[in-house]
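[1] build me a model from this:
(one chain, ligands or ions: 1)
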Amino acid sequence: MSYRELFISSSPKISTGNESSKVYIMGVPFDFTTSYRPGSRFGPLAVRQAYWNIEIVDRKLNVNAEKIQIFDIGDLSYFANSDEMINSLSKVSKEVFSENKVLGTIGGEHLITYPILKGLKNVSLVVFDAHLDLRDTLYGLKISHATFLRRLLEDNKSLKVYHIGSHTFVDEELDFAMSHGVDLYTYYDITEKKIESLKNIIRDDEEIYVSVDMDVLDPSCAPGVANPEPEGLNYEMLFNLLRSLKGKKIIGFDVVETNPLLDPSGITSIAAAKVLSLLIIDSAGV
Ligand SMILES: [Mn+2]
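    Coordinates of the predicted model:
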């Protein structure tokens with residue numbers, strides 16, 4: 001029996017293809033360490049529902065994501081605490097990567113990126129996030145959605161990180177980022193230097209994993225997140241930066257922190273579905 005069969009539940013899917021698809025999608029309905037406003041465990045279902053119902057044709061890239069074969073393997077279901085989530089998700093993601101598939105994950109809180117990245121070597125991480133998630137602890141927790149990136153950089157000192165769109169972090173996090181070689185493009189760098197593309201920032205032959213925390217968007221664009229921080233990228237800025245990753249070697253991606261309980265109009269889930277569609281287009285090699 002494979003780990004997929006052991007740890008994954010069946011739930012509404014967004015598959016357009018079968019197991020031979022290059023891009024696999026999964027959900028991780030986990031929000032146990034969320035410090036402020038829990039509810040992102042309901043993200044995978046809401047983002048899938050939005051994905052089914054919006055137009056996923058991108059006219060700027062001129063690609064219809066509906067025509068791209070993706071295979072949705074379901075939701076991670078076997079965990080009662082953070083350690084169990086980390087254990088089962090690292091096994092499942094390792095298994096999917098070993099089959100040379102691109103793994104796209106719908107969260108859930110940002111801690112889910114930790115087990116996925118932990119097992120990867122020679123892969124750079126591209127993070128879009130209002131926060132740095134580089135605290136040593138948050139409310140006493142070492143393993144949390146506010147510390148995941150610090151734990152990753154402690155585990156793997158050579159991990160290359162491109163961090164895009166942050167605008168709220170404490171000095172401790174900034175010091176850690178600087179001393180660990182994080183390539184930081186804050187929201188203010190992006191607006192003041194008018195950075196619209198990552199084409200010349202990331203090499204074409206560099207394998208990358210892309211993680212999008214929906215709170216990188218201004219809360220007026222994405223109110224349904226666990227930790228909204230006023231100010232941030234607008235849709236056009238985020239989508240253009242994501243479009244600029246087309247042609248890069250994307251081996252996996254995630255879209256995290258969507259909280260449908262705080263999203264009465266559904267706009268955050270809809271924006272997350274658009275982000276998902278762009279990442280599918282970028283990574284499918286079409
Ligand atoms: Mn964040």
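[2] what ranges do the strands span in the protein?
    8-9, 23-28, 57-58, 63-64, 70-76, 102-107, 124-128, 161-164, 183-185, 207-213, 249-256 (DSSP state E).
[3] closest one to the ion among these?
    Closest to the ion of the strands of the chain is strand 207-213 (C-beta to the ion; 4.0 Å). Using the backbone N, CA and C atoms, a C-beta is placed for each residue, glycine as well.
[4] which strands or helices does that closest one pack on?
    Using 3 or more C-beta pairs under 8 Å, 6 or more residues apart in numbering; DSSP states H and E, the elements in contact with strand 207-213 are helix 113-118, strand 124-128, helix 235-243, strand 249-256, helix 267-284.
[5] please repeat the previous calculation with a cut-off of 10 Å.
    For strand 207-213, the packing partners by 3 or more C-beta pairs under 10 Å, 6 or more residues apart in numbering; DSSP states H and E come out as strand 102-107, helix 113-118, strand 124-128, strand 161-164, helix 235-243, strand 249-256, helix 267-284.
[6] CSV for those, including mean pLDDT and distance to Asp31?
    CSV is the format used below for the helices and strands packed on strand 207-213 (pLDDT from 0 to 100; distance: least, C-beta to C-beta, whole Å):
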stretch, mean pLDDT, distance to Asp31
strand 102-107, 98, 8
helix 113-118, 97, 14
strand 124-128, 98, 19
strand 161-164, 98, 22
helix 235-243, 98, 22
strand 249-256, 98, 10
helix 267-284, 98, 14
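[7] adding mean neighbour count and distance to Leu153, write those out as JSON lines.
    Output for those, formatted as JSON lines (neighbours: other C-beta atoms under 10 Å; distance: least, C-beta to C-beta, whole Å):
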{"stretch": "strand 102-107", "mean neighbour count": "26", "distance to Leu153": "20"}
{"stretch": "helix 113-118", "mean neighbour count": "24", "distance to Leu153": "10"}
{"stretch": "strand 124-128", "mean neighbour count": "24", "distance to Leu153": "9"}
{"stretch": "strand 161-164", "mean neighbour count": "22", "distance to Leu153": "7"}
{"stretch": "helix 235-243", "mean neighbour count": "20", "distance to Leu153": "22"}
{"stretch": "strand 249-256", "mean neighbour count": "24", "distance to Leu153": "18"}
{"stretch": "helix 267-284", "mean neighbour count": "25", "distance to Leu153": "23"}
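[8] would you mind giving these as CSV with distance to the ion added?
    Formatted as CSV, the helices and strands packed on strand 207-213 follow (distance: least, C-beta to the ion, whole Å):
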stretch, distance to the ion
strand 102-107, 11
helix 113-118, 11
strand 124-128, 9
strand 161-164, 11
helix 235-243, 13
strand 249-256, 8
helix 267-284, 13
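[9] so for Lys142, which of those sits nearest?
    The closest approach between Lys142 and any of the helices and strands packed on strand 207-213, judged by C-beta to C-beta, belongs to helix 113-118 at 11.2 Å.
[10] would you mind writing the CA trace of the closest one as CSV?
    Taking C-alpha atoms only, helix 113-118 is exported to CSV below (Å, rounded to 0.1, in the frame of the first residue of the first chain):
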residue,chain,number,x,y,z
THR,A,113,5.2,24.2,3.4
TYR,A,114,7.7,23.0,6.0
PRO,A,115,7.4,19.2,5.5
ILE,A,116,7.1,19.5,1.7
LEU,A,117,10.4,21.5,1.5
LYS,A,118,12.2,19.7,4.2
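[11] packing partners for that helix?
    Packed next to helix 113-118, using 3+ C-beta pairs under 10 Å, 6+ apart, are strand 23-28, helix 82-98, strand 102-107, strand 124-128, helix 148-155, strand 207-213, strand 249-256.
[12] residues from the stretch 101-250 of the chain in reach of the ion?
    For the stretch 101-250 of the chain, the residues in contact with the ion (C-beta under 5 Å from the ion) are Asp129, His131, Asp213, Asp215.
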